[in-house]
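A.B. asks: Requesting a structural model of the entry that follows:
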Amino acid sequence: MCESCGATFAIPARSLLDSRLTEEQEAALVLPKPVSVILGLLGIGGAAIGLVAAATSASSVNGGLLGLLILVAMAGLYVFGAYCGLRALQRRYGWVRLNQVLWAIQVPVLTSPLVKYSFSTGGFITAWLQFQPAFSVGGSAFLGSNVNVNLFTPGPTAIGVNLFALGISYYLAHAQCGDA
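C.D. replies: Residues are numbered from 1 along each chain as shown. I've put the predicted structure just below:
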């Protein structure tokens, strides 16, 4: 059952990445062709930029083995982004769900002395609340790819939302219910 609109799906989801629609239902979605082209280009282009940045920063990774593992995990996310982008360009079965997941993992932005996380492929528009060292509200925007994962580094405490990714993920979720 769809969490946002309550519609039932013809096939049960077996995993997070499996489409909740049949091939016929997905083909009948009212999603304009430019949507899949834009998502495809953002996924592939963002992944290319991110992978080049990851490769160039591989020699200066701090944190030893843990830092290297984080870099490999982030490179894996970019490869997943390229895969989702390719599926969107081809409009192959399952592309809507895969892209919804890709954009959903780009929504949270977290900064604290324990962990920092932000990931974007293609761009972001972020709104955030900073709690420490002083309360503040802000935002930022960026076109391109960004990844920031740090463990146990000093810095402010803040939470944020990538509004660009949230909008795309929301649009794709509602498209699967026929609400787009």
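
A.B. asks: Run the chain-centre distance for the lengthiest strand in the chain.
C.D. replies: For the chain, the strand with the greatest residue count under DSSP state E is strand 115-132. Centroid separation for strand 115-132 versus its chain: 12 Å, with CA atoms, centre = their mean, to the nearest Å.

A.B. asks: In its sheet, which strands sit next to the helix or strand that that strand is followed by, and in what direction?
C.D. replies: The helix or strand immediately downstream of strand 115-132 is strand 136-151, counting by DSSP states H and E. The pairing partners recorded for strand 136-151 under DSSP bridges are strand 115-132 (antiparallel).

A.B. asks: Stretch 109-118: end-to-end distance?
C.D. replies: Using CA to CA, to the nearest Å, one end of stretch 109-118 lies 5 Å from the other.

A.B. asks: List the contacts of that stretch.
C.D. replies: For stretch 109-118, the surrounding residues in contact (CB atoms under 8 Å, 6 or more residues apart in numbering) are 108, 124, 126, 128, 130, 146-162. C-beta here means a position set from N, CA and C on the backbone, and glycine is covered the same way.

A.B. asks: Next, the buried residues of that stretch.
C.D. replies: Across stretch 109-118, burial judged by 16 or more other CB atoms under 10 Å covers 109-112, 116, 118.

A.B. asks: swap in stretch 124-133?
C.D. replies: Neighbour-count burial for stretch 124-133 [16+ other CB under 10 Å]: 124-126, 128, 130.

A.B. asks: Could you figure out how far the lengthiest helix in the chain is turned away from strand 115-132?
C.D. replies: Ranked by residue count and defined by DSSP state H, the top helix of the chain is helix 64-90. On the basis of axes from the mean of the first three to the mean of the last three CA atoms, to 10 degrees, helix 64-90 is oriented at 90 degrees to strand 115-132.

A.B. asks: mind checking how far helix 64-90 is from the chain centre?
C.D. replies: Chain-centre distance of helix 64-90: 11 Å, with CA atoms, centre = their mean.

A.B. asks: what does stretch 33-53 give?
C.D. replies: In terms of CA atoms, centre = their mean, the centre of stretch 33-53 is found 11 Å from the chain centre.

A.B. asks: Under the pLDDT cut-off, which ranges of the protein? List them.
C.D. replies: 1-5, 7-14, 61, 63, 178-180 (pLDDT under 70).

A.B. asks: Next up, the contacts around residue 168.
C.D. replies: 39, 99, 103.

A.B. asks: Determine the three-state secondary structure at the first one.
C.D. replies: So that's residue 39. Following DSSP: H, G, I helix; E, B strand; the rest coil, we place residue 39 in the helix state.
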